[in-house]
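> Just need the structure, nothing else, for what follows:
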Amino acid sequence: MSIRIRFIRLTAVILAMATLSAVDDTFGQQIVLETTKVHFGKIFDDQKMFKKIGIKNTGDKTLNIKNVNTTCGCTVGKLAKRILEPGEETVANISFDPKGKRGETEKKVSFVSNDPVNAVVEVTIAADVMRGWDFEPRRLKFKKLSFRDSFDKVVQSFLITNNRAEPLGILSLDSHNPHVTVQNPEPVIVDPGRKHEFFIAIEPDFKPAKNVYAKIVVVAKQGGRDVGKSLPITIIRAR
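Numbers count the residues shown, from 1 in each chain. Down below sits the predicted model:
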(Lines give C-alpha, C1' and ligand atoms only; values in the text may rest on other atoms or scores of the structure.)
Protein backbone atom coordinates (compact mmCIF):
# COMPACT_ATOMS: atom_id res chain seq x y z
CA MET A 1 0.00 0.00 0.00
CA SER A 2 1.40 3.31 -1.02
CA ILE A 3 2.16 6.06 1.44
CA ARG A 4 -0.34 8.29 -0.37
CA ILE A 5 -3.22 5.83 0.07
CA ARG A 6 -2.35 5.34 3.74
CA PHE A 7 -2.36 9.10 4.26
CA ILE A 8 -5.74 9.46 2.60
CA ARG A 9 -7.25 6.68 4.73
CA LEU A 10 -5.77 8.11 7.93
CA THR A 11 -7.13 11.56 7.09
CA ALA A 12 -10.60 10.12 6.47
CA VAL A 13 -10.56 8.29 9.81
CA ILE A 14 -9.49 11.42 11.67
CA LEU A 15 -12.23 13.50 10.00
CA ALA A 16 -14.85 10.88 10.81
CA MET A 17 -13.82 10.75 14.45
CA ALA A 18 -13.88 14.54 14.68
CA THR A 19 -17.37 14.63 13.18
CA LEU A 20 -18.70 12.03 15.61
CA SER A 21 -17.12 13.87 18.51
CA ALA A 22 -18.71 17.15 17.43
CA VAL A 23 -22.14 15.55 17.09
CA ASP A 24 -21.80 13.96 20.52
CA ASP A 25 -20.79 17.27 22.11
CA THR A 26 -23.57 19.35 20.55
CA PHE A 27 -26.45 16.89 20.80
CA GLY A 28 -26.90 16.25 24.53
CA GLN A 29 -30.19 17.20 26.16
CA GLN A 30 -32.72 19.08 24.04
CA ILE A 31 -35.92 20.80 25.19
CA VAL A 32 -38.76 20.87 22.68
CA LEU A 33 -42.13 22.55 23.31
CA GLU A 34 -45.38 21.27 21.81
CA THR A 35 -46.04 24.81 20.55
CA THR A 36 -44.42 28.23 20.90
CA LYS A 37 -47.59 30.33 20.50
CA VAL A 38 -51.12 30.08 21.89
CA HIS A 39 -53.82 32.52 20.76
CA PHE A 40 -57.12 32.32 22.61
CA GLY A 41 -58.90 34.55 20.08
CA LYS A 42 -61.56 37.01 21.27
CA ILE A 43 -62.25 36.69 25.00
CA PHE A 44 -63.88 38.87 27.66
CA ASP A 45 -61.84 40.44 30.44
CA ASP A 46 -63.42 38.21 33.10
CA GLN A 47 -62.66 34.94 31.28
CA LYS A 48 -59.69 33.02 32.64
CA MET A 49 -58.17 30.79 29.97
CA PHE A 50 -56.20 27.57 30.38
CA LYS A 51 -53.84 25.61 28.14
CA LYS A 52 -51.73 22.49 28.56
CA ILE A 53 -48.41 22.51 26.71
CA GLY A 54 -46.26 19.43 26.31
CA ILE A 55 -42.50 19.54 26.95
CA LYS A 56 -40.19 16.78 25.70
CA ASN A 57 -36.51 15.93 25.95
CA THR A 58 -35.55 14.87 22.42
CA GLY A 59 -31.85 14.61 23.26
CA ASP A 60 -29.74 11.76 24.56
CA LYS A 61 -28.85 13.17 27.99
CA THR A 62 -30.84 14.19 31.07
CA LEU A 63 -32.76 17.48 30.78
CA ASN A 64 -33.23 19.65 33.86
CA ILE A 65 -35.92 22.35 33.69
CA LYS A 66 -34.52 24.78 36.25
CA ASN A 67 -37.00 27.66 36.21
CA VAL A 68 -40.30 28.78 34.71
CA ASN A 69 -40.72 32.54 34.36
CA THR A 70 -43.93 34.36 33.47
CA THR A 71 -44.98 37.92 32.72
CA CYS A 72 -47.95 39.62 34.40
CA GLY A 73 -51.24 37.85 33.75
CA CYS A 74 -49.82 34.37 33.18
CA THR A 75 -49.19 31.60 35.68
CA VAL A 76 -47.85 28.09 35.32
CA GLY A 77 -48.85 25.32 37.66
CA LYS A 78 -46.24 23.02 39.18
CA LEU A 79 -44.61 20.84 36.54
CA ALA A 80 -45.25 17.13 37.05
CA LYS A 81 -41.57 16.52 36.23
CA ARG A 82 -38.59 18.84 36.00
CA ILE A 83 -36.01 16.13 35.31
CA LEU A 84 -36.60 14.45 31.95
CA GLU A 85 -34.59 11.52 30.73
CA PRO A 86 -34.10 11.09 26.97
CA GLY A 87 -37.51 10.71 25.31
CA GLU A 88 -39.47 11.65 28.44
CA GLU A 89 -42.25 14.25 28.46
CA THR A 90 -44.09 16.47 30.93
CA VAL A 91 -46.92 19.01 30.78
CA ALA A 92 -47.06 22.70 31.73
CA ASN A 93 -50.50 23.91 32.85
CA ILE A 94 -50.67 27.56 31.79
CA SER A 95 -53.42 29.95 32.84
CA PHE A 96 -54.06 33.45 31.49
CA ASP A 97 -56.04 36.09 33.40
CA PRO A 98 -57.13 38.99 31.13
CA LYS A 99 -58.44 41.17 33.97
CA GLY A 100 -57.46 44.80 33.42
CA LYS A 101 -56.30 44.21 29.85
CA ARG A 102 -57.88 45.39 26.63
CA GLY A 103 -57.34 44.74 22.95
CA GLU A 104 -54.64 42.53 21.47
CA THR A 105 -52.48 41.32 24.37
CA GLU A 106 -49.33 39.18 24.44
CA LYS A 107 -47.56 37.60 27.42
CA LYS A 108 -44.55 35.31 27.67
CA VAL A 109 -43.82 32.09 29.52
CA SER A 110 -40.11 31.14 29.60
CA PHE A 111 -38.61 27.76 30.41
CA VAL A 112 -34.97 27.76 31.59
CA SER A 113 -33.12 24.46 31.29
CA ASN A 114 -29.67 22.94 30.89
CA ASP A 115 -30.13 22.57 27.12
CA PRO A 116 -26.66 23.56 25.80
CA VAL A 117 -28.11 25.13 22.63
CA ASN A 118 -31.44 26.64 23.75
CA ALA A 119 -31.14 27.35 27.45
CA VAL A 120 -34.28 29.53 27.36
CA VAL A 121 -37.33 28.72 25.26
CA GLU A 122 -40.55 30.75 25.26
CA VAL A 123 -44.25 30.37 24.68
CA THR A 124 -46.21 33.45 23.61
CA ILE A 125 -49.72 33.65 25.09
CA ALA A 126 -52.00 36.01 23.15
CA ALA A 127 -55.65 37.06 23.11
CA ASP A 128 -57.90 39.83 21.86
CA VAL A 129 -59.45 41.03 25.13
CA MET A 130 -62.88 42.68 25.16
CA ARG A 131 -64.70 44.18 28.11
CA GLY A 132 -67.89 42.35 29.06
CA TRP A 133 -69.34 45.70 30.06
CA ASP A 134 -67.82 49.12 29.82
CA PHE A 135 -68.19 52.85 30.44
CA GLU A 136 -68.71 55.43 27.72
CA PRO A 137 -66.83 57.72 28.14
CA ARG A 138 -64.26 56.06 30.40
CA ARG A 139 -63.58 59.26 32.37
CA LEU A 140 -65.57 62.38 33.36
CA LYS A 141 -64.14 65.83 33.97
CA PHE A 142 -65.64 68.82 35.82
CA LYS A 143 -63.82 72.13 35.38
CA LYS A 144 -64.26 75.07 37.75
CA LEU A 145 -64.45 78.21 35.62
CA SER A 146 -63.45 80.63 38.41
CA PHE A 147 -63.75 80.92 42.18
CA ARG A 148 -66.89 82.99 41.76
CA ASP A 149 -68.48 80.98 38.96
CA SER A 150 -69.75 77.43 38.88
CA PHE A 151 -68.38 74.53 36.85
CA ASP A 152 -68.43 74.27 33.08
CA LYS A 153 -71.00 71.50 33.50
CA VAL A 154 -72.90 70.79 36.69
CA VAL A 155 -74.42 67.53 35.43
CA GLN A 156 -72.80 65.01 33.11
CA SER A 157 -73.83 61.60 31.93
CA PHE A 158 -72.15 58.34 31.04
CA LEU A 159 -73.32 55.08 29.50
CA ILE A 160 -72.85 51.52 30.63
CA THR A 161 -72.70 49.20 27.63
CA ASN A 162 -73.42 45.48 27.88
CA ASN A 163 -71.23 43.73 25.30
CA ARG A 164 -72.12 40.18 26.28
CA ALA A 165 -74.96 37.95 25.15
CA GLU A 166 -76.54 37.82 28.61
CA PRO A 167 -78.29 40.44 30.78
CA LEU A 168 -76.20 42.75 32.97
CA GLY A 169 -77.62 43.65 36.36
CA ILE A 170 -76.41 47.01 37.72
CA LEU A 171 -76.63 46.52 41.48
CA SER A 172 -75.25 49.79 42.83
CA LEU A 173 -73.50 53.06 41.95
CA ASP A 174 -71.65 54.87 44.73
CA SER A 175 -69.71 58.13 44.73
CA HIS A 176 -66.52 58.26 46.81
CA ASN A 177 -66.66 62.06 47.04
CA PRO A 178 -69.28 63.95 49.08
CA HIS A 179 -69.47 66.72 46.46
CA VAL A 180 -70.33 64.30 43.63
CA THR A 181 -73.62 62.40 43.50
CA VAL A 182 -75.29 59.86 41.24
CA GLN A 183 -78.75 61.16 40.31
CA ASN A 184 -80.24 57.82 39.27
CA PRO A 185 -78.51 55.12 41.34
CA GLU A 186 -81.41 52.65 41.26
CA PRO A 187 -80.64 49.05 40.20
CA VAL A 188 -81.37 48.32 36.56
CA ILE A 189 -81.06 45.49 34.03
CA VAL A 190 -79.14 46.23 30.82
CA ASP A 191 -80.10 43.79 28.06
CA PRO A 192 -77.45 42.22 25.79
CA GLY A 193 -76.03 44.70 23.31
CA ARG A 194 -77.85 47.61 24.96
CA LYS A 195 -76.78 50.73 26.88
CA HIS A 196 -78.09 52.57 29.92
CA GLU A 197 -77.47 56.22 30.79
CA PHE A 198 -76.56 57.50 34.26
CA PHE A 199 -76.27 61.11 35.45
CA ILE A 200 -73.57 62.54 37.72
CA ALA A 201 -73.92 65.92 39.45
CA ILE A 202 -71.39 68.10 41.25
CA GLU A 203 -72.18 70.77 43.86
CA PRO A 204 -72.09 74.09 42.01
CA ASP A 205 -70.60 75.93 45.02
CA PHE A 206 -67.80 73.41 45.61
CA LYS A 207 -64.46 75.27 45.53
CA PRO A 208 -61.57 72.78 45.40
CA ALA A 209 -58.21 74.18 46.49
CA LYS A 210 -56.49 71.73 44.15
CA ASN A 211 -57.42 69.23 41.50
CA VAL A 212 -59.49 66.41 42.96
CA TYR A 213 -59.62 62.83 41.71
CA ALA A 214 -62.83 61.02 42.54
CA LYS A 215 -64.60 57.93 41.26
CA ILE A 216 -67.96 56.27 40.87
CA VAL A 217 -67.87 52.61 41.89
CA VAL A 218 -70.29 50.43 39.97
CA VAL A 219 -71.11 46.89 41.08
CA ALA A 220 -72.80 44.70 38.49
CA LYS A 221 -73.84 41.07 38.24
CA GLN A 222 -73.35 38.98 35.11
CA GLY A 223 -73.00 35.27 34.59
CA GLY A 224 -73.65 34.62 38.28
CA ARG A 225 -70.72 36.79 39.42
CA ASP A 226 -70.52 40.23 41.00
CA VAL A 227 -67.98 42.51 39.33
CA GLY A 228 -66.94 45.99 40.44
CA LYS A 229 -65.50 48.70 38.20
CA SER A 230 -64.63 52.35 38.78
CA LEU A 231 -65.36 55.37 36.61
CA PRO A 232 -62.66 58.03 37.25
CA ILE A 233 -63.72 61.65 37.73
CA THR A 234 -61.35 64.62 37.62
CA ILE A 235 -62.40 67.87 39.27
CA ILE A 236 -60.20 70.71 38.03
CA ARG A 237 -59.79 73.74 40.33
CA ALA A 238 -60.11 77.32 39.10
CA ARG A 239 -56.91 79.06 38.05
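
> Following the chain past the worst-scoring helix or strand of the chain on mean pLDDT, name the next helix or strand.
Lowest on mean pLDDT, DSSP states H and E among the helices and strands of the chain sits helix 3-27, with a mean of 52. Heading C-terminal from helix 3-27, the first helix or strand you meet, by DSSP states H and E, is strand 31-33.

> Show me how the record splits the protein into domains.
28-130, 133-236 (automatic domain parsing).

> so how far is the shortest one from its chain's centroid?
Mean-position distance between domain 28-130 and its chain equals 14 Å (CA atoms, centre = their mean, to the nearest Å).

> pLDDT averaged over that domain - what is it?
Mean pLDDT, domain 28-130: 92.

> Kindly check the end-to-end length of that domain for me.
This stretch, domain 28-130, spans 45 Å end to end (CA to CA, to the nearest Å).

> Let's have the domains of the chain in TSV, adding mean neighbour count.
Heads up, the C-betas are built off the backbone N, CA and C, glycines and all. TSV is the format used below for the domains of the chain (neighbours: other CB atoms under 10 Å):
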stretch	mean neighbour count
domain 28-130	16
domain 133-236	15
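
> which residues does residue 61 contact?
Taking CB atoms under 8 Å, 6 or more residues apart in numbering, we find residue 61 in contact with 27, 28, 29, 86.

> ok, so of these, who is nearest residue 71?
Nearest to residue 71, judged by CB to CB, of the contacts of residue 61 is residue 29 at 25.9 Å.

> That closest one touches residue 119, doesn't it?
No. Residue 29 is beyond contact range of residue 119, at 10.6 Å (criterion: CB atoms under 8 Å).

> ok, back up a step: mind putting the contacts of residue 61 into a markdown table with distance to residue 94?
Formatted as a markdown table, those follow (distance: CB to CB, whole Å):
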| residue | distance to residue 94 |
| --- | --- |
| 27 | 29 |
| 28 | 26 |
| 29 | 22 |
| 86 | 25 |
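
> List just the nearest of these to residue 146.
Comparing the contacts of residue 61 against residue 146 with CB to CB places residue 29 closest, at 73.4 Å.

> Many thanks, I have nothing further to ask.
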